[in-house]
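Trainee: The following comprises the amino acid sequence and a computationally predicted model.
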Amino acid sequence: DAGVTQSPTHLIKTRGQQVTLRCSPISGHKSVSWYQQVLGQGPQFIFQYYEKEERGRGNFPDRFSARQFPNYSSELNVNALLLGDSALYLCASSLAFATNEKLFFGSGTQLSVL
Amino acid sequence: ILNVEQSPQSLHVQEGDSTNFTCSFPSSNFYALHWYRWETAKSPEALFVMTLNGDEKKKGRISATLNTKEGYSYLYIKGSQPEDSATYLCAYDYKLSFGAGTTVTVRA
């Protein structure tokens, strides 16, 4: 079975641009979460979607948005990119929306903002 | 914002030795405590999810304990092997607030 897939793997953008990151969950998983990971810190929660509804949002500005599609794949959009948005963006899927569900992570998208 | 603290930040272990490290979290409104292993150039991999005070989980040579009343969890590695080298992350609460991790390096 395929794991969580993310695309692209690497991305270089300039300040002010917009970016879209994509995530395909494990087949059968209905929940997708997004995390931002900066070197030296743990992953920071951005969004969780379950059954195409937003179920949680972390402490990120409105420049960050996401959606989940009927096939449970998800996109994370970031507008008006700042240098500080440079990070590894991780997507994780789980069967359901519950705190005791294990997360299955993708390999991430490394975003560099110049 | 919920603070999850992991200590130490890093440790070096001789092959064959055992080691342990700590995850501290707020003891109020506890939901679940997760442990993940993140090897270089790979994705984080779930090790354990613990929900009850006193929980003990084991996977091969790795085990974990949970104390929700005092807000800490220990991860133990018995007889460390080079393949145990990784960053170990703990995460707390339904939005999974992650700690910064403990990076373990096992020397052959």
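Mentor: Now that the structure is in, tell me what you want to look at. Computed from a predicted structure; not experimentally measured. Numbers count the residues shown, from 1 in each chain, chains lettered A, B, ... in the order given.

Trainee: For B:K59, give me phi and psi.
Mentor: phi -140, psi 100 (degrees, to the nearest 10).

Trainee: ok, it touching B:A46?
Mentor: No. Counting by Cβ atoms under 8 Å, B:K59 stays clear of B:A46, with 9.9 Å between them. The C-beta positions use only the backbone N, C-alpha and C, and glycine is treated the same way.

Trainee: just the strands in chain A please.
Mentor: A:5-7, A:10-13, A:19-24, A:31-37, A:44-50, A:53-57, A:64-68, A:74-78, A:87-94, A:104-105, A:109-113 (DSSP state E).

Trainee: can those go into TSV with extra columns for mean pLDDT?
Mentor: Formatted as TSV, the strands of chain A follow (pLDDT from 0 to 100):
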stretch	mean pLDDT
strand A:5-7	97
strand A:10-13	97
strand A:19-24	98
strand A:31-37	96
strand A:44-50	95
strand A:53-57	94
strand A:64-68	98
strand A:74-78	98
strand A:87-94	97
strand A:104-105	96
strand A:109-113	98
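
Trainee: CSV for these, including mean neighbour count and distance to B:T22?
Mentor: CSV is the format used below for the strands of chain A (neighbours: other Cβ atoms under 10 Å in any protein chain shown; distance: least, Cβ to Cβ, whole Å):
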stretch, mean neighbour count, distance to B:T22
strand A:5-7, 17, 31
strand A:10-13, 13, 34
strand A:19-24, 19, 32
strand A:31-37, 25, 21
strand A:44-50, 23, 21
strand A:53-57, 13, 27
strand A:64-68, 18, 32
strand A:74-78, 20, 32
strand A:87-94, 24, 24
strand A:104-105, 20, 23
strand A:109-113, 18, 30
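
Trainee: Right, and chain A sits closest to which residue of chain B?
Mentor: B:F98 (3.2 Å; Cβ to the nearest Cβ).

Trainee: dump the residue contacts of the closest residue to that residue other than its chain neighbours.
Mentor: With Cβ to Cβ, 6 or more residues apart in numbering or on different chains as the criterion, B:F98 has its nearest non-adjacent residue at 3.2 Å, and that residue is A:G42. Each residue near A:G42 by Cβ atoms under 8 Å, 6 or more residues apart in numbering or on different chains is listed here: B:4, B:6, B:89, B:91, B:97-101.

Trainee: One more: B:D93?
Mentor: So B:D93 contacts A:99, B:2, B:25, B:29, B:31-32 (Cβ under 8 Å, 6+ apart).

Trainee: Tally up the residues packed near residue 52, please.
Mentor: You didn't say which chain, so I picked chain A. 14 (other Cβ atoms under 10 Å in any protein chain shown).

Trainee: You answered for a different chain; I wanted chain B.
Mentor: Neighbours of B:L52 using other Cβ under 10 Å come to 10.

Trainee: With A:Q18 instead?
Mentor: 11.

Trainee: Burial check on the residue nearest to it when sequence neighbours are not counted, number of neighbours?
Mentor: Distances taken as Cβ to Cβ, 6+ apart place A:N79 nearest to A:Q18, at 4.9 Å, with adjacent residues excluded. Applying other Cβ under 10 Å, we find 14 residues neighbouring A:N79.

Trainee: one step back: want to try a markdown table for the contacts of A:G42, with pLDDT as columns?
Mentor: What follows is the contacts of A:G42, written out as a markdown table (pLDDT from 0 to 100):
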| residue | pLDDT |
| --- | --- |
| B:V4 | 92 |
| B:Q6 | 97 |
| B:L89 | 97 |
| B:A91 | 94 |
| B:S97 | 84 |
| B:F98 | 92 |
| B:G99 | 94 |
| B:A100 | 95 |
| B:G101 | 96 |
